[in-house]
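Colleague: Quick check, what structure comes out for this input:
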Amino acid sequence: MRFYRGRFRDWVALRGTTRPVTRMGRAPRNCADARYLAVVWRSRSFGQRRATERWLHDYAWWLWMPSNWQDLGACETGYGRRPGNFNHANSRYVSAFGISRVEYDSDAAYFDAAPWNDDHPPTPRDQLNAARGHLARFGDGWGCPGP
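Modeller: Numbering: from 1, shown residues only. The predicted structure is shown next:
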């Protein structure tokens, strides 16, 4: 049980979040209770592992985004800071890569990424795929040096 509790905390900490607000548990009352709690903490640990894997795949851009795309985002919407503003949206341009609002959904569909939603912007991975779709469709159409 101690192992699964530790793994649970490790997966949560890997995402950079703090310890969960819920209590970390109680001591088992007997052997059957210890087995039950071990199963509970094993499933909690597995759930946190899956959540962390999804987070690493979609949001940990510094691990998987090529530096040329980070530079483009920094130039377009980041004001010199990498990789740019993933929540960027104005009347004409959206995403960290400054793609035209009119073309974003078509560009995103090119690489099967999520369309733009002002209330819940797509993940950094989806925005990168939309920018890759824009590059495939139009070539280098950015005001900053392209990827």
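
Colleague: how far away is the residue of the chain positioned farthest from its centre from Leu37?
Modeller: The centre of the chain is farthest from one residue, Asn30, which by C-alpha atoms, centre = their mean lies 41.4 Å away. Going from Asn30 to Leu37 by C-beta to C-beta, to the nearest Å gives 11 Å. Yep, even glycine has a C-beta here, placed from its N, CA and C like the rest.

Colleague: now do Gly133
Modeller: From Gly133 to Leu37 the distance is 48 Å (C-beta to C-beta).

Colleague: Let me know the pLDDT of the closest residue to Pro124 other than its chain neighbours.
Modeller: Spatial nearest neighbour of Pro124, excluding adjacent residues (C-beta to C-beta, 6 or more residues apart in numbering): Trp61 at 4.3 Å. If you check Trp61, the pLDDT there is 92.

Colleague: Where does the residue lying closest to Asn87 once chain neighbours are set aside fall, secondary structure wise?
Modeller: Spatial nearest neighbour of Asn87, excluding adjacent residues (C-beta to C-beta, 6+ apart): Pro121 at 5.3 Å. Per DSSP states H and E: Pro121 is located in neither a helix nor a strand.

Colleague: for Pro121, what are its contacts?
Modeller: 86-87, 89, 94-95, 127 (C-beta atoms under 8 Å, 6 or more residues apart in numbering).

Colleague: all helices for this structure, in order.
Modeller: 2-14, 31-58, 61-64, 67-76, 101-110, 124-138 (DSSP state H).

Colleague: which parts of the second one are buried?
Modeller: Taking 16 or more other C-beta atoms under 10 Å as the neighbour-count basis, helix 31-58 is seen to contain the buried residues 37-38, 41-42, 44-45, 48, 52, 55.

Colleague: can you check the third one too?
Modeller: Across helix 61-64, burial judged by 16+ other C-beta under 10 Å covers Trp61.

Colleague: List of residues touching that helix?
Modeller: 56, 70, 83, 124-125, 128.

Colleague: what do you get if the cut-off is 7 Å, keeping everything else the same?
Modeller: Contacts to helix 61-64, defined as C-beta atoms under 7 Å, 6 or more residues apart in numbering, come from residues 56, 83, 124.

Colleague: Return, as residue ranges, the portions of the chain with sub-threshold pLDDT.
Modeller: 18-24 (pLDDT under 70).
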